[in-house]
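In: Sequence below, structure please.
(one chain, ligands or ions: 1)
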Amino acid sequence: MMLFESKNLTYSHPGQLPLSFPDISLQQGESMLVLGKSGSGKTTLLNLLAGLLQPKSGEVILSGKNMAAMNGQQLDLFRGKEIGIVFQKPHLLAALNVTENLQMAHFFSKKEGQDIDKLLTELGLGEKAKSSVLTLSEGEAQRVSIARALANSPKLILADEPTSSLDDENTEKVIQLLKTQAAKIGAALIIVTHDQRVKMHIPNFVEVKAV
Ligand SMILES: Nc1ncnc2c1ncn2[C@@H]1O[C@H](COP(=O)(O)OP(=O)(O)OP(=O)(O)O)[C@@H](O)[C@H]1O
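Out: As a prediction, the model looks like this:
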């Protein structure tokens, strides 16, 4: 059985032409890119895969469970436990330090996750554990947001343009971290990107096309 599958997904934004999406299927530890022109629907697809939008038709199946059949509350609980999301901008809580930001993720997932100190060390952030997130560089903040997405050992990791504001060195670091961590926790990894530098590291892709 595949760990993750999406089939025949369609969605209509109000007042817009309907979008239809390529099918995705991934095993544990596998990675895939979502490519496509600006406005083609990549972020919409990611939101459908995360259960943040309800598809007009089709299925999203993670660990044998069809998310398209869940109600809002069931989805929130399922997402908190099983899906880690890395946004384009880190969206950390400014009043909290690095460790506290990760503890919040643990608290909301209602699940025993990874050891936070160990995870921070693996992501090269050991020294920053007690730092205010306001003092981090962009690359560091993006790595904290990756740590946050991984803290509860999700089965699916979704990342929307995670490298768009990073230099080459940090881009390389972030992609390697996402791949290594996905393999370690047996998750599937899906990255939306325009970034040519990411394509060198993850050959597997689907392309979203506006029709
Ligand atoms: N909330 C919304 N209401 C109406 N239309 C929307 C909404 N969100 C997105 N759209 C439209 O749906 C289409 C797909 O948008 P989406 O953000 O998924 O594209 P994208 O491929 O991620 O684009 P980009 O690469 O520029 O971020 C676009 O035409 C967009 O204008």
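
In: residues from this structure in reach of the ligand?
Out: Applying the criterion C-beta under 6 Å from any ligand atom, the portion of the chain that neighbours the ligand consists of 13-14, 16, 36, 38-44. Every residue, glycine included, has its C-beta placed from N, CA and C.

In: Just checking, which helix or strand of this structure averages the lowest pLDDT?
Out: Taking mean pLDDT, DSSP states H and E as the measure, the chain has helix 98-109 as its least confident helix or strand, at a mean of 85.

In: What are the buried residues along the host helix or strand of Leu120?
Out: Per DSSP states H and E, Leu120 falls inside helix 116-122. Taking 16 or more other C-beta atoms under 10 Å as the basis for neighbour counts, the residues of helix 116-122 that come out buried are 116, 119-120, 122.

In: Go through those and say which is closest to the ligand.
Out: Minimum separation from the ligand among the buried residues of helix 116-122 (C-beta to the nearest ligand atom) is found for Leu119, which lies at 28.9 Å.

In: How about the closest one: what's its closest non-neighbour residue?
Out: The spatially closest residue to Leu119, leaving aside those adjacent along the chain, is Ala147, at 5.3 Å (C-beta to C-beta, 6 or more residues apart in numbering).

In: Identify the residues contacting the one you found.
Out: Taking C-beta atoms under 8 Å, 6 or more residues apart in numbering as the definition of contact, the neighbours of Ala147 are 102, 116, 119-120, 123, 125.

In: Could you report the neighbour count for Gly51?
Out: The criterion is other C-beta atoms under 10 Å. On that basis, Gly51 has 21 neighbouring residues.

In: what's near enough to touch it?
Out: Remark: with contacts taken as C-beta under 8 Å, 6+ apart, Gly51 is in contact with 60, 67, 70, 75, 78-79, 83.

In: What sits closest to Asn101 if chain neighbours are left out?
Out: Once flanking residues are discounted, Asn101 sits nearest to Leu92: 5.2 Å by C-beta to C-beta, 6+ apart.

In: likewise Glu100?
Out: Beyond its immediate neighbours in the sequence, the residue positioned closest to Glu100 (C-beta to C-beta, 6+ apart) is Leu93, lying 7.6 Å away.

In: Then Asp168?
Out: Counting by C-beta to C-beta, 6+ apart, Asp168 lies nearest to Arg197, which is 6.4 Å off, once chain neighbours are set aside.

In: so the one you found touches Glu169, yeah?
Out: No: checked against C-beta atoms under 8 Å, the pair Arg197 and Glu169 is beyond contact range at 10.5 Å.

In: Of the two, give the one with the bigger neighbour count.
Out: Just comparing Arg197 and Glu169: by other C-beta under 10 Å the higher neighbour count belongs to Arg197, 14 against 9.

In: Which helix or which strand is home to that one?
Out: Secondary structure from DSSP H and E places Arg197 in helix 196-199.
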